[in-house]
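A.B. asks: next one to model:
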Amino acid sequence: MRVYISGMGVVSSLGNSVDDIWSALLRGDTGVKAVPEWGKYNGLRCLVAAPAHKYDESFIARKARRTMSPMSEMATIATLQAMNQAGFPSDNLWGKLDEHRTLISMGSTTGSPETLEENFRRMFERGGPEGQQATTFFKIMNHSVPSNVASALAYQGPLLSPSSACSTSAQAMILGWELIRSGLYDLVIAGGADELHHTSNSTFDVVQAASIGFNDRPEETPRPFDRKRDGLVCSEGAAIVVLESEAHLEKRGGKPLAEFVSGAYHCDGTHMSQPQTPAMVKVMTQSLKRANLASEQIEYVNAHATGTVMGDVEEARSIDAMFGRKVPVSSLKGHFGHSLAACGAIEVISSVKMLEAQKLIGTRNFVERDPEMPAIFLPQGVVEKKFSTFLSNNFAFGGINSSLIVSKVGAR
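C.D. replies: From the prediction side, this is the model:
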């Protein structure tokens with residue numbers, strides 16, 4: 001059974017629509033900015049981040065919006081964009097869908113960090129729950145994003161909330177693909193969202209994974225695969241794709257954007273924060289196996305590569321072992337920053353646009369190869385490239401590895 005992507009939506013540091021981010025990528029823009037106000041937090045060395053563009057959430061009904069933090073607002077906007085592109089306008093969203101054959105599969109790294117900070121600050125200052133708002137928990141529960149999206153959409157069907165940090169939206173999409181192929185669902189609304197907050201940035205700073213050497217030159221970081229890379233830059237946003245079975249798409253006369261061919265995910269069970277080349281090779285191999293594809297059939301690799309010293313080396317080695325040095329590879333973290341739970345879907349959406357345009361977006365801020373890395377092919381700038389199939393990686397703390405494959409419609 002074939003599964004297609006029929007709709008895409010995004011809110012991000014490069015723009016708040018698929019067309020906006022594609023234009024920004026073609027220009028080579030970055031969403032990374034200096035955040036000097038974070039200097040007030042003791043011990044926080046990384047003072048750069050990539051905030052989402054301003055968005056208008058006022059159209060969301062107040063009843064639904066009062067339980068939303070920024071991550072849920074962004075996810076709702078991205079979901080409506082994706083559903084509209086797929087042919088399900090918000091004024092008749094469920095007119096063409098069987099809710100029992102539709103699944104929401106989306107998540108975030110945690111509940112709203114902004115609300116969590118406010119919640120515990122009040123608890124400590126007042127010695128208890130006095131003065132807490134009744135809506136607080138609905139912003140900080142771990143399934144806040146999909147639940148709030150469901151409320152805004154008046155959705156009453158099945159819902160799952162995968163949460164695996166930087167692999168969240170990748171897992172949500174792969175899970176959707178698996179469940180459509182199993183015959184349980186016809187359509188899955190999949191993706192993820194996270195909001196920017198100093199505590200998220202602090203997490204990476206504490207484990208020596210955040211960029212600290214470019215606070216005065218934010219446009220020069222992160223630097224995936226580059227010799228001078230010194231860590232990742234936190235971002236925020238939401239990205240949603242609509243996945244649909246071939247039969248359902250044909251029956252309603254919908255238009256496919258790309259074919260979601262395969263995906264795999266697993267935990268390497270080795271180390272909570274250190275990436276492992278063998279585990280990355282294993283998950284890419286499994287993704288190819290589930291697609292019944294050979295490594296030679298992958299024509300572009302969208303790397304997770306966040307700009308960390310260890311992670312980029314391990315991924316470069318795994319890509320070299322899998323695909324050699326002729327397949328073009330790039331990371332989009334230099335453009336978007338690292339949007340955590342949203343990054344997998346943001347990168348799939350961006351890669352689908354590359355597939356449509358037959359153009360590859362090179363790695364921003366990659367200037368000089370790290371001599372510790374194998375010489376994988378890292379094109380720069382915007383490159384014309386005829387290709388039909390790409391593989392996209394996402395890896396997360398806890399040893400979580402994910403890899404998925406997407407093809408041009410009709411390519412297989």
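
A.B. asks: spit out the contact partners of the residue nearest to G344 when sequence neighbours are not counted.
C.D. replies: With CB to CB, 6 or more residues apart in numbering as the measure, A170 is the residue that lies nearest to G344, at 3.2 Å, once sequence neighbours are left out. No exception for glycine: its C-beta is placed from N, CA and C like everyone else's. For A170, the contacting residues are 263, 265, 344-345, 348, 392, 394, 402-404, by CB atoms under 8 Å, 6 or more residues apart in numbering.

A.B. asks: if you set the cut-off to 6 Å instead, what comes out?
C.D. replies: The contact partners of A170, by CB atoms under 6 Å, 6 or more residues apart in numbering, come to 344, 394, 402.

A.B. asks: please, which helix or strand holds it?
C.D. replies: Under the criterion of DSSP states H and E, A170 resides in helix 168-181.

A.B. asks: what are the pairing partners of the next helix or strand after that helix, and which direction each?
C.D. replies: Once the chain leaves helix 168-181, the next helix or strand it forms, by DSSP H and E, is strand 187-194. Using DSSP bridges, the strands paired with strand 187-194 are strand 102-107 (parallel), strand 237-245 (antiparallel).

A.B. asks: switch the ones you listed over to CSV; also include mean pLDDT.
C.D. replies: Listed next are those as CSV, based on pLDDT from 0 to 100:
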stretch, mean pLDDT
strand 102-107, 98
strand 237-245, 98
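
A.B. asks: for G398, which of these is the nearest?
C.D. replies: Among these, strand 102-107 comes nearest to G398, with 14.1 Å by CB to CB.

A.B. asks: export the closest one to PDB, keeping only CA atoms.
C.D. replies: Extracted C-alpha coordinates of strand 102-107, given in PDB (Å, rounded to 0.1, in the frame of the first residue of the first chain):
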ATOM      1  CA  THR A 102      -8.200   9.500  10.800                       C
ATOM      2  CA  LEU A 103      -5.400   9.800  13.300                       C
ATOM      3  CA  ILE A 104      -3.600  12.800  14.900                       C
ATOM      4  CA  SER A 105       0.000  11.800  15.600                       C
ATOM      5  CA  MET A 106       2.000  14.700  16.900                       C
ATOM      6  CA  GLY A 107       4.000  15.800  19.900                       C
END
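
A.B. asks: so which residues of the stretch 201-350 of the chain form helices?
C.D. replies: For the stretch 201-350 of the chain, the helices defined by DSSP state H, counting those that start in this stretch occupy 246-252, 277-291, 309-323, 333-336, 343-357.

A.B. asks: quick one: distance of the shortest one to the chain centre.
C.D. replies: What separates the centre of helix 333-336 from the centre of its chain is 12 Å, taken as CA atoms, centre = their mean, to the nearest Å.

A.B. asks: same question, the second one
C.D. replies: The gap between the average C-alpha position of helix 277-291 and the chain average comes to 19 Å, counting by CA atoms, centre = their mean.

A.B. asks: report the contact partners of I77.
C.D. replies: By CB under 6 Å, 6+ apart, I77 lies in contact with 11, 55.

A.B. asks: tell me the most buried of the strands paired with strand 187-194?
C.D. replies: Highest mean neighbour count of the strands paired with strand 187-194: strand 237-245, a mean of 31 (counted as mean count of other CB atoms under 10 Å).

A.B. asks: by how many degrees do it and helix 343-357 diverge?
C.D. replies: Angle between the axes of strand 237-245 and helix 343-357 is 60 degrees (criterion: axes from the mean of the first three to the mean of the last three CA atoms, to 10 degrees).

A.B. asks: report the angle between strand 237-245 and helix 168-181.
C.D. replies: Inter-element angle recorded for strand 237-245 and helix 168-181: 10 degrees (by the same axes, to 10 degrees).

A.B. asks: nearest to R62, out of the strands paired with strand 187-194?
C.D. replies: The closest of the strands paired with strand 187-194 to R62 is strand 237-245. By CB to CB, the value is 20.1 Å.

A.B. asks: quick one: contacts of that closest one?
C.D. replies: 3-12, 52, 74-75, 78-79, 82, 86, 176, 180, 186-191, 193, 260, 339, 342, 345-346, 349.

A.B. asks: count of neighbours near the closest residue to Y55 other than its chain neighbours?
C.D. replies: Excluding the flanking residues, the one nearest Y55 by CB to CB, 6+ apart is N16, at 5.2 Å. A count of nearby residues for N16, using other CB atoms under 10 Å, gives 23.
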